[in-house]
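Student: Okay, predicted coordinates and the sequence, questions at the end:
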Amino acid sequence: MTTINAKRNLTLLMDFYELTMAAGYFEEGCEDKVGVFDMFFRRVPDNGGFAITAGLAQFCEVIDSLHFSDEDIEYLRGKECFSEKFLEYLRHFEFHCNIWAVPEGTPVFPHEPIVTVEGPAIEAQLIETLLLVTFNHQSLICTKTNRIVRAAKGRPIMEFGSRRAQGYDAAVLGARAAYIGGVVGTACVMADRQYGIPALGTMAHSWVQMFPSEYEAFAAYAKLYPDNCTLLVDTYSVLKSGVPNAIRVFNEVLAPMGVRPKGIRIDSGDIAYLSKRARRMLDEAGYPDCGICASNSLDEYLVRDLIQQDAKVDSFGIGENMITSKSDPVFGGVYKLAAVKMPDGTYIPKIKISETAEKTTIPHLKNLYRIYDDATGKAMADYITMYDEEADTENGITLFDPVETWKSRTFTGVHAKRLNIPVYVNGRRVYENPSLTEIRSYCAAQVDTLWDEVKRFENPHRYYVDLSQKLWDERHRLLKEMGR
């Protein structure tokens, strides 16, 4: 199976300043200066309690094939701002960075290092946009999807958004991210071909309109696809014609074949009312096993409300509100310098300070741990340490709120798991990406480790992300040095 990036070179998918900075490092003799950069985000979309990271596999595809082609070099030469020596450096470009990342499907929280890149400043700088566009997009869609899946309380969710996605890649990779987030399938055929996500779908209203009557349209479809017969019943009138014609076709076409209908789909109107009436009609006709699917610009709140109103909906098709995360369409991940590595192996921490407190960064090369309760398996808190520290939980661990520092809690009977794992060492990949099915199962299991209070849609409990004492002290030392 070919990947989505197999036949194209995305190396120049970068902001121009990344090239001008790289050229500057080169001309200043700093091409071997080693920087440490973190990718993190500051706010959970939709004011949720957590986000979910996705996109690592595609990022690896791009990094594995980084190179500047002859055409790239000629294009850059035409900009007339880069020296021939720098262009020759790019022509022979090789990647030497170390990369750590949190596995796809993992719940993550603001300010945590989702991806860390350590390597020559030029190399680390040139991949900034590639990294951000990959993780920002898929993490956004995966996070939104999981909200909708959780709202459905076990009812299947199908991804129907390809035609409303922001471009070709957004349709395919959005379907991939949605599958990690929990959908059972997609309308996007290319996503099935590329990633094995089950392709699902029945008919559009145009099918019904193409025939002299609704009944004839339904009958033709049932004859063609008897084993997967789901009929769209709202082209004219759900209750006056759609459901009655569907029942007639079930009786006259499918029953003689010995086949039970799969379902009907309602794509407009008052879904709660129509589904209840349709359910009664189907049951009275002897089809209690015929499912009802609802679509029509749904999101997590509408899905939740329909279930609370006892709508007789067995599955949902979600389009634009999921594939674009319409309610909050920007993930907001950023890429910031955290340290500079010296030739003797020591690190000089770097911090970015802002008048906005949440934009002040966490310096240094770091480890990220999750603290799990031994008895329940639930995630209790996350713990960010310096690179040379471990989360020692043998005798319990005391964490404090890094903002409201007077609040602390000692956790006993817990264990720690490091989340940011090596992906590249000296530019060579050491991580084997799991299958998409494995990532999806892992995501569901990890979301299940979160307390329900963290998973609330409104006013979720703030999950604690603590800094080790050593890291907290280092951060505040830098803040004092800067006169803040």
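Tutor: The structure has been received and is ready for your questions.

Student: got any ranges where the stretch 251-400 of the chain has weak pLDDT?
Tutor: Along the stretch 251-400 of the chain, segments meeting pLDDT under 70 are nowhere present.

Student: how long is stretch 60-79 end to end?
Tutor: With C-alpha to C-alpha, to the nearest Å as the measure, the first residue of stretch 60-79 is 29 Å from its last.

Student: Check stretch 379-398 too.
Tutor: 15 Å.

Student: do the same with stretch 446-457
Tutor: Terminal-residue distance, stretch 446-457 (C-alpha to C-alpha): 18 Å.

Student: Please enumerate residues in contact with that stretch?
Tutor: Residues external to stretch 446-457 that are found in contact with it (C-beta atoms under 8 Å, 6 or more residues apart in numbering): 46, 48-50, 52, 105-107, 146-147, 150-151, 300-301, 304, 372, 377-379, 460-461, 463. For every residue, glycine as well, the C-beta is placed using N, CA and C.

Student: Got a quick ChimeraX command for the buried subset of these?
Tutor: Buried residues within these, by 16 or more other C-beta atoms under 10 Å, are selected in ChimeraX with:
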select :46,48,49,50,52,105,106,107,146,147,150,151,300,301,304,372,379,460,463
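
Student: Mind checking which of the contacts of stretch 446-457 land in helices?
Tutor: Using DSSP state H to define helices, the subset of the contacts of stretch 446-457 located there is 146-147, 150-151, 300-301, 304.

Student: Redo those as TSV? Include distance to Arg279.
Tutor: Conversion of the ones in helices among the contacts of stretch 446-457 to TSV gives the following (distance: C-beta to C-beta, whole Å):
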residue	distance to Arg279
Asn146	28
Arg147	26
Arg150	24
Ala151	20
Glu300	23
Tyr301	23
Arg304	19
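
Student: if you skip the residues just before and after it, what's nearest to Arg248?
Tutor: Counting by C-beta to C-beta, 6 or more residues apart in numbering, the nearest residue to Arg248 once its immediate chain neighbours are dropped is Tyr215, at 6.3 Å.

Student: Surely the one you found touches Asn245?
Tutor: Yes: in terms of C-beta atoms under 8 Å, Tyr215 counts as a neighbour of Asn245; the distance is 4.6 Å.

Student: So for those two, which sits in the more crowded spot?
Tutor: Of the pair Tyr215 and Asn245, Asn245 is the one with more neighbours under other C-beta atoms under 10 Å, namely 23 against 17.

Student: Quick check: pLDDT value at Leu479.
Tutor: What the model reports as pLDDT for Leu479 is 91.

Student: what about the residue of the chain most remote from its centre, helix or strand, and which?
Tutor: The C-alpha centroid of the chain is most remote from Pro256, which lies 45.8 Å away (C-alpha atoms, centre = their mean). For Pro256, the host element (DSSP states H and E) is helix 255-257.

Student: Over to Phe59?
Tutor: Using DSSP H and E, the secondary-structure element containing Phe59 is helix 56-64.

Student: which residues touch that helix?
Tutor: Contacts of helix 56-64 (C-beta under 8 Å, 6+ apart): 3-6, 10, 95, 99, 101, 103-104, 115, 127, 130-131, 134-135, 138, 173, 423-424, 429, 431, 433.

Student: Which ones among the residues you listed map onto strands?
Tutor: The strands in this structure, assigned by DSSP state E, contain 99, 101, 115, 423-424, 429 from those.

Student: top of the residues you listed by neighbour count?
Tutor: With neighbours taken as other C-beta under 10 Å, the top of these is Ile99, carrying 28 neighbours.
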